[in-house]
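Participant: I would like to see how this sequence folds:
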Amino acid sequence: MESLKVVIADDNKKMVDVIKEVINDEPELEVVGVATNGEETIDVIKKTSPDVVLLDIIMPQLDGISVMQKVREDGECSKPAFIVISAVGMEDVTEDAFSKGAAYYIMKPFDNEVLVNRIRYIRNQHDKVSVKTVPREPVSITDRNLETDITNIIHDIGIPAHI
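Facilitator: I've put the predicted structure just below:
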C-alpha cells in the first residue's frame, strides 16, 4: 500500500515537531514537506503533490484560508485534502475554512489519535477514489456544525478550550 503524502503548514516550530512525530509513528503516512508561512505552503504543495495538508489558519504572508483558495484556483496545482489545525475557533472562521475546501477543522490543542483518525479517513477515501480528483464542494452548515455546536456548548458551561 502506497503511503499517504502529508504536508505540515504551521509557523510554530514546536507544533510542527509534534505533528511530525505523530505522523512519523504511522507507517502508512509520510511527511513530504513542511512550510512555515502561506506562500511557502503553496510552493511545497506544488513541488510535492501531497494527499493531505495539515494547515494552520494564522500564518505569516498568507493565511490558511487564502492558501486553500489559491490552491483550489490554481489549475496546475494538485488538489490535496486540507485538515485545518488551529487555535482559532470562531464560527465565522470555521465556516470560511469549510467553504474554501477544508475536509476537517481540528482545534489546538488536539488529541493525537483524533488527528491520525482524520487522516486515516482521508486515506480510506483516497483508496476508493484519488483525493486529487475529488471535487471539493462547500459543505452546508447543517452538515458540519455539530462539532462547532458542541465546542460552543462546552465553552458556555465554562470548560476551558485547552481541556
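
Participant: ok, and for stretch 85-101, which residues are buried?
Facilitator: Of the residues in stretch 85-101, 85-86, 88, 93-101 count as buried by neighbour count, 16 or more other CB atoms under 10 Å. Heads up, the C-betas are built off the backbone N, CA and C, glycines and all.

Participant: And stretch 47-58, by the same measure?
Facilitator: Within stretch 47-58, the residues that count as buried by 16+ other CB under 10 Å are 48, 50-57.

Participant: on that earlier part again, got the buried residues of stretch 85-101 as TSV, with secondary structure, distance to I65 and pLDDT columns?
Facilitator: TSV is the format used below for these (DSSP: H, G, I helix; E, B strand; the rest coil; distance: CB to CB, whole Å; pLDDT from 0 to 100):
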residue	secondary structure	distance to I65	pLDDT
I85	strand	13	90
S86	strand	10	86
V88	coil	10	79
V93	helix	8	82
T94	helix	10	83
E95	helix	10	85
D96	helix	5	84
A97	helix	6	85
F98	helix	10	86
S99	helix	9	85
K100	coil	5	84
G101	coil	9	84
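
Participant: counting contacts, what elements does the longest helix anywhere in the chain pack onto?
Facilitator: Looking across the chain with DSSP state H, the single longest helix is helix 112-128. For helix 112-128, the elements it packs on are strand 4-9, helix 13-24, strand 29-35, strand 52-55, strand 81-86, strand 102-107, judged by 3 or more CB pairs under 8 Å, 6 or more residues apart in numbering; DSSP states H and E.

Participant: that older thread, with respect to I153, which of the buried residues of stretch 85-101 is nearest?
Facilitator: Of all the buried residues of stretch 85-101, the one with the least separation from I153 (CB to CB) is T94, at 14.8 Å.

Participant: residues touching the closest one, list them.
Facilitator: Residues near T94 by CB atoms under 8 Å, 6 or more residues apart in numbering: 105, 148.

Participant: Tell me which helix or strand in this protein has the weakest average pLDDT.
Facilitator: helix 141-144 (a mean of 48; mean pLDDT, DSSP states H and E).

Participant: Do you know the pLDDT at the residue nearest to the spatial centre of the chain?
Facilitator: Centroid-nearest residue in the chain: I83, 1.6 Å away (criterion: CA atoms, centre = their mean). I83 carries a pLDDT value of 93.

Participant: out of everything not next to it in sequence, what's closest to it?
Facilitator: For I83, ignoring the flanking residues on the chain, the nearest one in space by CB to CB, 6 or more residues apart in numbering is Y104 at 4.6 Å.
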